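J.: Just need the structure, nothing else, for what follows:
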Amino acid sequence: MHPHEQLIARLFEGLHNHKPDEMAECYRDDATFHDIAFDLRGKRQIQAMWKMICLPTKEDLPSTIEVTVKLIKAKGDGVRAEVVEHYRMRDKDKYGRSVDNSITSIFEFHQDGRISSHKDDCDSVAWAKQAMGPLVGSIVGRIGWLRRWLAMRKLRRAYLDAFRDD
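T.: Residues are numbered from 1 along each chain as shown. The predicted structure is shown next:
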């Protein structure tokens, strides 16, 4: 297996096992992450997102995320991965809707072997309908700025320090 493929397998294993600190070690300090909800700059912000996804809420509600890896394939200096994430939405102290989200990830690497760019893509409307219900999900799934605003608001509330300049 190509070393980049091994790193991505380790990243998804960390997600499946709810280990955001191990996941963060896969990224360079200046890495970027982009998906339908987040546009993150730097390992601290990316790690904050993984913590929000993997760790219990402040009210001690555990994460239910499980990851099924369908494909990890190196091509040139990058890697393409296809995964399915299954989880229950969490709202503070209660579980919400069940989500099965198929994601295609594209990774670029620095010469040091760590991730410099991570881009995820999925069907935003299908995800939002599962996460928020058919009516609200149809709206939020189609309005990118609203989706990003809601996600970033939640992330900043949970991990504001990741967004401060030191």
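J.: where along this protein do the helices fall?
T.: 3-16, 20-24, 43-54, 124-132, 134-142, 144-158 (DSSP state H).
J.: Pipe these into TSV and attach mean pLDDT per row.
T.: Putting those into TSV (pLDDT from 0 to 100) gives the following:
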stretch	mean pLDDT
helix 3-16	97
helix 20-24	96
helix 43-54	96
helix 124-132	96
helix 134-142	94
helix 144-158	91
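J.: Identify whichever of those lies nearest to residue 32.
T.: helix 43-54 (8.2 Å; Cβ to Cβ). Backbone N, C-alpha and C define where each C-beta goes, glycine included.
J.: ok so, going back, for residue 66, find the nearest of the helices of the chain.
T.: helix 3-16 (6.1 Å).
J.: helices or strands next to that closest one in the packing?
T.: helix 20-24, helix 43-54, strand 66-75, strand 78-91, strand 94-109 (3 or more Cβ pairs under 8 Å, 6 or more residues apart in numbering; DSSP states H and E).
J.: can you rerun that using 7 Å?
T.: Counting contacts by 3 or more Cβ pairs under 7 Å, 6 or more residues apart in numbering; DSSP states H and E, helix 3-16 packs against helix 20-24, strand 66-75, strand 78-91.
J.: What are the buried residues along it?
T.: 4-5, 7-8, 11-12, 14-16 (16 or more other Cβ atoms under 10 Å).
J.: orientation of that helix relative to strand 66-75 in degrees?
T.: Orientation check (axes from the mean of the first three to the mean of the last three Cα atoms, to 10 degrees): helix 3-16 against strand 66-75 gives 170 degrees.
J.: Can you read off the pLDDT for residue 91?
T.: On pLDDT, residue 91 comes in at 81.
J.: rewinding a little: could you say which of the helices and strands packed on helix 3-16 is packed most deeply?
T.: helix 20-24 (a mean of 18; mean count of other Cβ atoms under 10 Å).
J.: Please name every helix or strand in contact with that one.
T.: With 3+ Cβ pairs under 7 Å, 6+ apart as the test, helix 20-24 has helix 3-16, helix 43-54 packed against it.
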